[in-house]
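**Q** Let me see the structure of the following:
(chains A and B)
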There are 2 protein chains.
Amino acid sequence: MKRENSAPTMKDVAREAGVALGTVSKVVNGLPVGDSYKIRVEDAIRKLNYQVNSYAQGLKASKTYTIALLIPNTFDPFYASLTYHINIALMKRKYRMLLCTTDFDHQQEQEYVTMAQHNKVDGIIGLTYNPELIVEETTPFVAIDRSMGPKIPCVACDNFAGGQLAAEKLSDLGCKNVAFLRIGSSLVNEPNKRKAGFENGCLSRGLSYEMKILNDGDSYEEFEQFLSEHMSDGKLTFDGIFCVTDRLAYQISNTLRKLQLRVPEDVQLIGFDGIRYFGDMDYHCSTIVQPIPEMAEMCVDLLLRENTMMKPPLVCLPVAYAYGGTTLEG
Amino acid sequence: MKRENSAPTMKDVAREAGVALGTVSKVVNGLPVGDSYKIRVEDAIRKLNYQVNSYAQGLKASKTYTIALLIPNTFDPFYASLTYHINIALMKRKYRMLLCTTDFDHQQEQEYVTMAQHNKVDGIIGLTYNPELIVEETTPFVAIDRSMGPKIPCVACDNFAGGQLAAEKLSDLGCKNVAFLRIGSSLVNEPNKRKAGFENGCLSRGLSYEMKILNDGDSYEEFEQFLSEHMSDGKLTFDGIFCVTDRLAYQISNTLRKLQLRVPEDVQLIGFDGIRYFGDMDYHCSTIVQPIPEMAEMCVDLLLRENTMMKPPLVCLPVAYAYGGTTLEG
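**A** As a prediction, this is how the structure comes out:
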């Protein structure tokens, strides 16, 4: 059994600060002590480079200062960016993050939740499309993009407003006849509100519109067929298309090219998410940008709130339009 | 103070399996016991859904089954993919991952290493360009892309071979006069071997070549100037360019477009890394692909090896060329 004898202990801090051990413990655990004591303890902690032994602390106080993030993967740019910003938000609060990539596997997700609960992480932030996921009520949980019940706060961007904004933008840019293309989960979830928002925007602007709605697992070829069916004399009957994600907009722009159509001259294209080349360069397309840093902050803030009365079931954060080359002018 | 009384303990497992507590402990800690005992204990663990309390275990056995990953961020697609595959490789071995994004901040990196050591993670995998980073010899550490000393294994792709392959490919594709463009850290590191490999390939194929080498912080405009200086009568003197990363290849292709040059008809372009659109779609450009899943496996495998004699200082994994639209034919 190996021990690191070099690491200073709480006793060393108490001696250095000239205070009782209990005072150090209070400061370390965020309990109230007099300001002058607090300053002396914090100075001693800095001087000795004392690190809280979170494992011991985990046993004693049921607090580990560790949060688990359940996310399908980190190679998808939206998930990658969310992961990064949640990590930053936790770090600012001196919390650590266990990364749990799930690949949408329901069993894997449940195992992670159970593991997290038994190891007493302080909470879980999860983006999951698993309707059967069981989370104990005693485990603080914040969901992203899909409500998991009235007691679990859900953080999302304002997807409805984003859909509406896409319709309004296409209208502003001169479109008269538009389409909405969507592929995604058929479960009730926040991103599905993009459709209703878009319809609303079309109606209020008097835009004529059609929709093609696919579920995960459906073939992309159905979109190709849909677009082909709307060609006549080498022209597309739509002058604007709103795609449910930037990823889909990328695929659709490839299909339009094959149909000899020019973007944005023949048809304007708006995506959703706000994905940039290589994570931080140009936008892939004109897009409705999700406020990822703000969503990350909100997830962490809600998760760590002690007062459960202050945990609303749904928080929607504002989106914005960004020009990315697939619409006429910015 | 809250306890989860519902969680089964090691004692419950021993009772269920009808074996001594010490036998359960051995199985849980991977120590040798008779096969029949092992099966009984494992059955009992499954039946009771017993979860090892890693925090208690961390105190007792200095083993936490937790690894820290130090990585600049997860929004860069290369880092995002590495993070994902290291997570998968750890998960397969029932290890958990603390994600520590550093934004290349030296102080942040050192704090993470110190935190990881004091919290007794079982080891650290780190991608850092911090020459001052202090890692205690007792902490298992595997470095990515930059050697941190003879006792710390470094995992990278075969950058030299990748550079050479880029030159050979450009030669195979008919190029006669090529350029190498590089921006990156001036520290000794593995990716810098791309340059030497490329030179070697050019020399062996009789290709005439020029280089433009910038360091992090230098202005991108120097590349624009370099290319402009090599224009005459609207033509570029190079018919092939090797960029040190796909990210740079993206920037360079934008610059070439502004110079009214067509890729690949006027000038062929090869990048490095093998980054795909949206993480899993087409390649951004013709590229030398890093074997990220294999690098991730190797990092984890080396980190968890007990026998330090079997930890080589440098492991280079094979690269491959992939066509991505910026060269003539695949």
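**Q** Find the nearest non-adjacent residue to residue A:118, please.
**A** residue B:51 (3.6 Å; C-beta to C-beta, 6 or more residues apart in numbering or on different chains). Yep, even glycine has a C-beta here, placed from its N, CA and C like the rest.
**Q** The helix or strand in which residue A:97 is found: what's the following helix or strand?
**A** Residue A:97 is part of strand A:96-101 when elements are defined by DSSP states H and E. Heading C-terminal from strand A:96-101, the first helix or strand you meet, by DSSP H and E, is helix A:106-118.
**Q** so how far is that following helix from its chain's centroid?
**A** Centroid displacement of helix A:106-118 relative to its chain, using C-alpha atoms, centre = their mean, to the nearest Å, is 20 Å.
**Q** The closest residue to chain B within the stretch 151-300 of chain A: neighbour count?
**A** Taking C-beta to the nearest C-beta, chain B has its nearest neighbour within the stretch 151-300 of chain A at residue A:279, 3.6 Å off. Residue A:279 has 20 neighbours, counted by other C-beta atoms under 10 Å in any protein chain shown.
**Q** And the pLDDT for the spatially closest residue to it that is not a sequence neighbour?
**A** With sequence-adjacent residues excluded and distances taken as C-beta to C-beta, 6+ apart, residue A:279 is closest to residue B:75, at 3.6 Å. Looking at residue B:75, its pLDDT stands at 96.
**Q** Residue B:75 falls within a strand, correct?
**A** No. Read with DSSP: H, G, I helix; E, B strand; the rest coil, residue B:75 is coil and lies in no strand.
**Q** Need the contact partners of stretch A:316-326.
**A** With C-beta atoms under 8 Å, 6 or more residues apart in numbering or on different chains as the test, stretch A:316-326 has contacts from A:155-162, A:165-166, A:169, A:190, A:249, A:253, A:263-264, A:268-271, A:274, A:282-291, A:294-295, A:298, A:329-330.
**Q** of the residues you listed, buried ones?
**A** Using 16 or more other C-beta atoms under 10 Å in any protein chain shown as the burial test, these include A:155-162, A:165-166, A:169, A:190, A:249, A:253, A:263-264, A:268-271, A:274, A:283-291, A:294-295, A:298 as buried.
**Q** mind listing which of these are in helices?
**A** Residues of these located in helices (DSSP state H): A:159-162, A:165-166, A:169, A:249, A:253, A:294-295, A:298.
**Q** was I right about the residue nearest to residue A:118 contacting residue B:10?
**A** No. Applying C-beta atoms under 8 Å as the test, residue B:51 and residue B:10 come out as separate, 10.6 Å apart.
**Q** of those two, who's got more company?
**A** Using other C-beta under 10 Å as the criterion, residue B:51 and residue B:10 rank with residue B:10 on top: 20 against 16.
**Q** That one: what's its closest spatial neighbour, skipping adjacent residues?
**A** In space, residue B:10 is closest to residue B:24, 5.1 Å off (C-beta to C-beta, 6+ apart).
**Q** Which residues belonging to the helix or strand where that neighbour lies are considered buried?
**A** Following DSSP H and E, one finds residue B:24 within helix B:21-28. Neighbour counts using 16+ other C-beta under 10 Å place B:23-28 of helix B:21-28 among the buried residues.
**Q** other SSEs contacting it?
**A** Under the contact criterion of 3 or more C-beta pairs under 8 Å, 6 or more residues apart in numbering or on different chains; DSSP states H and E, helix B:21-28 touches helix B:10-17, helix B:35-48.
**Q** ranking the ones you listed by burial, who's on top?
**A** Neighbour counts (mean count of other C-beta atoms under 10 Å in any protein chain shown) averaged over each of the helices and strands packed on helix B:21-28 peak at helix B:10-17, with a mean of 18.
**Q** how about the CA coordinates for stretch A:95-104, as PDB?
**A** Extracted in PDB, the C-alpha atoms of stretch A:95-104 (Å, rounded to 0.1, in the frame of the first residue of the first chain):
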ATOM      1  CA  TYR A  95     -15.500  20.800  -9.700                       C
ATOM      2  CA  ARG A  96     -14.200  17.900 -11.700                       C
ATOM      3  CA  MET A  97     -15.900  16.100 -14.600                       C
ATOM      4  CA  LEU A  98     -16.200  12.400 -15.300                       C
ATOM      5  CA  LEU A  99     -16.800  12.100 -19.000                       C
ATOM      6  CA  CYS A 100     -19.200   9.300 -19.900                       C
ATOM      7  CA  THR A 101     -19.700   8.800 -23.700                       C
ATOM      8  CA  THR A 102     -22.700   6.600 -24.400                       C
ATOM      9  CA  ASP A 103     -23.100   6.300 -28.200                       C
ATOM     10  CA  PHE A 104     -26.800   6.400 -27.500                       C
END
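**Q** check whether that stretch contacts chain B.
**A** Yes. Stretch A:95-104 reaches chain B (C-beta under 8 Å from any C-beta of the partner chain) through A:96-101.
**Q** Could you single out the nearest of the buried residues of helix B:21-28 to residue B:238?
**A** Distance ranking of those against residue B:238, using C-beta to C-beta, places residue B:28 first at 61.5 Å.
**Q** so residue A:200 makes contact with residue A:162?
**A** No. Residue A:200 lies out of contact with residue A:162 (C-beta under 8 Å); the separation is 11.4 Å.
**Q** hang on, the earlier thing: and of the ones in helices among the buried ones among the contacts of stretch A:316-326, the nearest to residue A:120?
**A** residue A:298 (24.0 Å).
**Q** hey, what's the residue nearest to that closest one when sequence neighbours are not counted bridged with?
**A** Spatially, and ignoring its direct neighbours in sequence, residue A:298 is nearest to residue A:155 (5.0 Å; C-beta to C-beta, 6+ apart). Beta-bridge partners recorded for residue A:155 (DSSP bridges): residue A:144, residue A:315.
**Q** which residues touch residue A:129?
**A** Counting by C-beta under 8 Å, 6+ apart, residue A:129 has contacts A:104, A:146, A:185, A:187, A:189.
**Q** among those residues, who's most crowded?
**A** Neighbour counts for the contacts of residue A:129, by other C-beta under 10 Å, peak at residue A:146, which reaches 21 neighbours.
**Q** what about chain A, any weak spots by pLDDT?
**A** A:1-6, A:29-32, A:52-62, A:308-309, A:330 (pLDDT under 70).
**Q** Can you say which helix or strand has the residue nearest the centre of chain A in it?
**A** In chain A, the centroid-proximal residue (C-alpha atoms, centre = their mean) is residue A:82; its distance is 4.7 Å. Assigned by DSSP H and E, residue A:82 belongs to helix A:77-92.
**Q** buried ones in that helix?
**A** A:77-91.
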